[in-house]
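Engineer: I'd like to go over a predicted model; first the sequence, then the structure.
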Amino acid sequence: MRRVRCNASLSLRTATEIAAAGGVQITRWATDGPAALRELPAVPASGAPRTGAYGPRGARLAFGTDSGSVHLWDLGDEPTELAALPAGARPVPAVSFSPDGRILAAGSHDGAIRLWDLSAPAAPGPVRMLTGLVDLQVTTTGFSPDGRHLLVSSTDSTLRIVGTGTWTVQRTLPHPDVVTWAEFTANGSSVVSVATHGAFRR
């Protein structure tokens, strides 16, 4: 297998593409086969990328930065930036697309979850800002497969499940340590999480 050298601060993948961020760009490769990688046009990154997510079908890429902004790109033959969205003045370590690609969520260390409507990708409109999650430092966000729930994990050792119908917290799941990663299972019936002390929970 071909080795690719990249000093990456984050890595992403879809079924047909992988990406890694380091320095001032996000480098991308097409996965043409198990032993073949083909380099794709890179995505310039203003500010240090902190997190990223592919949209449905891998057609778009969003990433949050240490400087408090979220950038939305179209991944055509030549990547094009669709929007640069302000998301406070603190790092944005979590971004995620809804399953239908119409909502982009971003979690910040300022304690807010920001939501944008991507119906017009070149001019995303704010849906709302969830500020009831007070004093959180968000670590990850992720939608359930049916889009009815948004999972929010944070440094306060909790997972919160937010209903997307009312955008209110429906359930809080305690964790023994800071949650670093969490995700719904493929059928949406369970949540899988990992914490800094090494615990893996389902």
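Structural biologist: Done, it's in.

Engineer: Name the residue closest to the centre of this structure, please.
Structural biologist: V95 (2.7 Å; C-alpha atoms, centre = their mean).

Engineer: Which element is encountered next along the chain beyond the helix or strand harbouring it?
Structural biologist: Assigned by DSSP states H and E, V95 belongs to strand 94-97. Going down the chain from strand 94-97, the next helix or strand is strand 103-107, by DSSP H and E.

Engineer: Partner strands of that next one and their direction?
Structural biologist: strand 94-97 (antiparallel), strand 113-117 (antiparallel) (DSSP bridges).

Engineer: Just confirm P174 contacts S157, I think it does.
Structural biologist: Yes - using C-beta atoms under 8 Å as the test, P174 is close enough to S157 to be in contact (6.7 Å). Yep, even glycine has a C-beta here, placed from its N, CA and C like the rest.

Engineer: more crowded one of these two?
Structural biologist: S157 (16 against 8; other C-beta atoms under 10 Å).

Engineer: any idea how far the more buried one lies from V169?
Structural biologist: Distance of S157 to V169, computed by C-beta to C-beta, to the nearest Å: 16 Å.

Engineer: next one: S108
Structural biologist: Distance, S108 to V169, using C-beta to C-beta: 17 Å.

Engineer: now swap in N187 and tell me
Structural biologist: For N187 relative to V169 (C-beta to C-beta), the value is 22 Å.

Engineer: between those two, which one's more packed in?
Structural biologist: The residue with more neighbours, out of N187 and V169, is V169; 16 against 9, by other C-beta under 10 Å.

Engineer: Having no further points to raise, I will conclude here.
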